[in-house]
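[1] Sequence first, predicted coordinates after that:
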Amino acid sequence: MSIPIRLYIISRKMYDRRWGKGIAKFIWRLNRIIFSCEIDPSADISPSVKTPHNLLGCVIGSDVIIGENAKILHNVTIGGRRGSPEMPVIGKNVLIGVGAVILGGVIIGDGAKIGANAVVLQNVPPESTAVGVPAIIIPRRNSE
């Protein structure tokens, strides 16, 4: 587990307590200063998320949900869109490539892959790949 995720977990625990919001905000700022990443304490991120580059340059917005064993590379943005209160939901075992942007109330299915620098504005089905700006969906080929 990377240090930014550990700091997020501490800030999340503090955020859930009525008296801990100030501590959560301090830890959020510490994460931002040391690792150049912003992880909102209200996000719901599984502790098993893999972050090989310590979430360097990443932004994860409020109320985002990230499932187990997801892998997030650096400079990724996951958050809302103007005019929509909905936030992304990332499934289990998802790979999010370098510089990818996932915006709005999209659902990324289990086992999906988001290509480098892709801008995802629509749902991505399980076991498929999203690439391009805006992202197009490439379904998984059957190996039969």
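    Nice, thanks for sending it over. Numbering: from 1, shown residues only.

[2] any idea where the strands of the chain begin and end?
    Using DSSP state E, the strands of the chain run over 38-39, 44-45, 59-60, 65-66, 71-72, 77-79, 89-90, 95-96, 101-103, 107-108, 113-114, 119-120, 129-131, 136-138.

[3] Show me what the fourth one is packed against.
    The elements that strand 65-66 packs onto, with contact taken as 3 or more C-beta pairs under 8 Å, 6 or more residues apart in numbering; DSSP states H and E, are strand 44-45, strand 89-90. All C-beta atoms are positioned from the backbone trio N, CA, C, and that covers glycine.

[4] so how far is it off the chain centroid?
    Strand 65-66 sits 6 Å away from the centroid of its parent chain (C-alpha atoms, centre = their mean, to the nearest Å).

[5] and if you look at the second one?
    Between the centre of strand 44-45 and the centre of its host chain there is 8 Å, according to C-alpha atoms, centre = their mean.

[6] what's that strand in contact with?
    The contact list for strand 44-45 (C-beta atoms under 8 Å, 6 or more residues apart in numbering) reads Ile5, Tyr8, Arg12, Ile39, Ile60, Asp63, Val64, Ile65, Ile66.

[7] Closest to Gly104 out of those residues?
    Proximity of the contacts of strand 44-45 to Gly104 (C-beta to C-beta) peaks at Val64, which lies at 11.1 Å.
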